[in-house]
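A.B. asks: turn this into a model:
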Amino acid sequence: MPRRRKIIIDTDPGIDDAMAILFAAAHPGVELLGLTTVHGNVSVKDATRNALRVCAVGGFEALPVCVGAAQPLVGRARYARHVHGGDGMGDVPAGRWRPPRPDPRSAVEFIAEQVKAAPGRVTLVPIGPLTNIARFLERHPRLAAKVQEVVLMGGAAFYAGNATPVAEANILCDPEAAARVFASKLKVTMVGLDVTDTTTLSAADFDRIARRSPGPGGFLRRAVRCYIDFYRRERGKAGCCMHDVCAVACIVAPKLFELRTGRIRVHLEGFMRGGTVVQPPDRNYDAEGWGRLPPQRYAADADRPALRRLFSKTMAAAG
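C.D. replies: Numbering: from 1, shown residues only. Model (predicted):
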């Protein structure tokens, strides 16, 4: 048996975040060490509540949930409640459930603690803005080399943005943090809109999952109604995107992705703010500092039907 991948999901739940967390917890190839929360789809307070709720839905309430950054490195937080509902979970009532207290450790200290405990074996999976990861680099620079890799959902290589014509939402929420991460010594894989914006699940997919998995699957079926409505109304899609799920899938099933290498920069000013630019694989630029950037990986394409099958099969077995 191959060793399970130790991962920490850095998250701003968010409906697709909930999908990714439940998928990771259910997949036999993953050892989910904990969740760290960050501003993004909702405030960090709501993100933490939602993360705790997802743990309860999945039956892993003992999983550490650690609070992270409430604001980006520069400016103020921006939210996406129009996409994920007022509470970030599709406004599905929580009933009599009351959230427990989160873990007393901060997000950054939890990440540092886990990396120290298993050097070279912890993968960070940021599926929200990269503020916590940038703060980790700032406070624990020597630990960057001891992180196995960072597989993030965010950005785009050669695809239009979803928050502006050029910017993907997670990157736009904290471009300065993203720029630091891509320029760091961390081994980064960017799973962006080139793959995630065209990898979708329909309402019928969630109906089938819920019949096999009435707990987590039933919760997702209710929560995604809001998400599917957004994509139908705003994008003309007949389903919702699997954005954050794709980052976890890239860890457990990398052969489903076409991964390329390039240097990645983030625009920090003007109407291009938050946009990601990737040096094409057949180009080598030294001007304007390109040559000083580390090569990073990005997902250029994927087997989308196989990704849908992987998610559905894993979630159907979640119980």
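A.B. asks: just checking, what packs against the helix or strand of the chain with the lowest mean pLDDT?
C.D. replies: Of all the helices and strands that make up the chain, helix 81-84 has the lowest average by mean pLDDT, DSSP states H and E, namely a mean of 92. Contacts of helix 81-84 with other secondary structure elements, assessed using 3 or more C-beta pairs under 8 Å, 6 or more residues apart in numbering; DSSP states H and E, are made with helix 216-235. For every residue, glycine as well, the C-beta is placed using N, CA and C.
A.B. asks: let's go with 10 Å and repeat that
C.D. replies: Counting contacts by 3 or more C-beta pairs under 10 Å, 6 or more residues apart in numbering; DSSP states H and E, helix 81-84 packs against helix 15-26, helix 44-58, helix 216-235.
A.B. asks: C-terminal to that helix, what's the next element?
C.D. replies: Remark: after helix 81-84, the chain's next helix or strand is helix 107-117, criterion DSSP states H and E.
A.B. asks: counting contacts, what elements does that next one pack onto?
C.D. replies: Packing contacts for helix 107-117, counted by 3+ C-beta pairs under 10 Å, 6+ apart, involve strand 5-11, strand 30-37, strand 65-67, strand 122-126, helix 131-139.
A.B. asks: what average pLDDT does it get?
C.D. replies: Summarised as a single mean, pLDDT over helix 107-117 is 98.
A.B. asks: angle of that helix against strand 5-11?
C.D. replies: Orientation check (axes from the mean of the first three to the mean of the last three C-alpha atoms, to 10 degrees): helix 107-117 against strand 5-11 gives 170 degrees.
A.B. asks: helix 107-117: which residues count as buried?
C.D. replies: 107-115 (16 or more other C-beta atoms under 10 Å).
A.B. asks: kindly report the same for stretch 256-265.
C.D. replies: Those buried within stretch 256-265 under the rule 16+ other C-beta under 10 Å are 256-257, 259-260, 262-265.
A.B. asks: quick revisit: can you list contacts of the least confident helix or strand of the chain?
C.D. replies: Here helix 81-84 makes contact (C-beta atoms under 10 Å, 6 or more residues apart in numbering) with 12-18, 40-43, 46, 50, 87-88, 90-91, 162, 169, 223, 226-227, 229-231, 234, 240.
A.B. asks: same thing but 7 Å
C.D. replies: 14-15, 41-42, 90, 226-227, 230 (C-beta atoms under 7 Å, 6 or more residues apart in numbering).
A.B. asks: next, format the helices and strands packed on helix 107-117 as TSV and append mean pLDDT and distance to Tyr285.
C.D. replies: Output for the helices and strands packed on helix 107-117, formatted as TSV (pLDDT from 0 to 100; distance: least, C-beta to C-beta, whole Å):
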stretch	mean pLDDT	distance to Tyr285
strand 5-11	98	31
strand 30-37	98	35
strand 65-67	98	39
strand 122-126	98	27
helix 131-139	98	25
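A.B. asks: what's the closest of those to Thr199?
C.D. replies: Judged by C-beta to C-beta, the one of the helices and strands packed on helix 107-117 that comes nearest to Thr199 is strand 122-126, at 16.7 Å.
A.B. asks: what angle do helix 131-139 and that closest one make with each other?
C.D. replies: Between strand 122-126 and helix 131-139, the angle comes out at 130 degrees (the same axes, to 10 degrees).
A.B. asks: contacts only, for Phe110.
C.D. replies: Here Phe110 is in contact with 34, 36, 64, 66, 103 (C-beta under 7 Å, 6+ apart).
A.B. asks: quick one on the thing from earlier: just the CA trace of the least confident helix or strand of the chain, in PDB.
C.D. replies: As requested, the backbone C-alpha atoms of helix 81-84 are provided in PDB (Å, rounded to 0.1, in the frame of the first residue of the first chain):
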ATOM      1  CA  ARG A  81     -21.700  35.700  -0.800                       C
ATOM      2  CA  HIS A  82     -23.500  36.200  -4.100                       C
ATOM      3  CA  VAL A  83     -21.900  32.900  -5.200                       C
ATOM      4  CA  HIS A  84     -22.100  30.800  -2.000                       C
END
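A.B. asks: ok, the residue positioned nearest the centre of the chain - contacts?
C.D. replies: Nearest residue to the geometric centre of the chain (C-alpha atoms, centre = their mean): Ile127, 1.5 Å. Residues touching Ile127, when contacts are defined by C-beta under 7 Å, 6+ apart, comprise 9-11, 17, 20, 153, 244, 247.
A.B. asks: end to end on stretch 51-67, go ahead and measure it.
C.D. replies: Its first and final residues considered, stretch 51-67 spans 10 Å by C-alpha to C-alpha, to the nearest Å.
A.B. asks: buried sites along it?
C.D. replies: By 16+ other C-beta under 10 Å, the buried positions in stretch 51-67 come out as 51-58, 63-67.
A.B. asks: let's have those in TSV, adding distance to Asp301.
C.D. replies: Supplementary listing: the buried residues of stretch 51-67 in TSV, determined by distance: C-beta to C-beta, whole Å:
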residue	distance to Asp301
Ala51	31
Leu52	36
Arg53	34
Val54	29
Cys55	33
Ala56	36
Val57	32
Gly58	30
Leu63	33
Pro64	35
Val65	34
Cys66	34
Val67	36
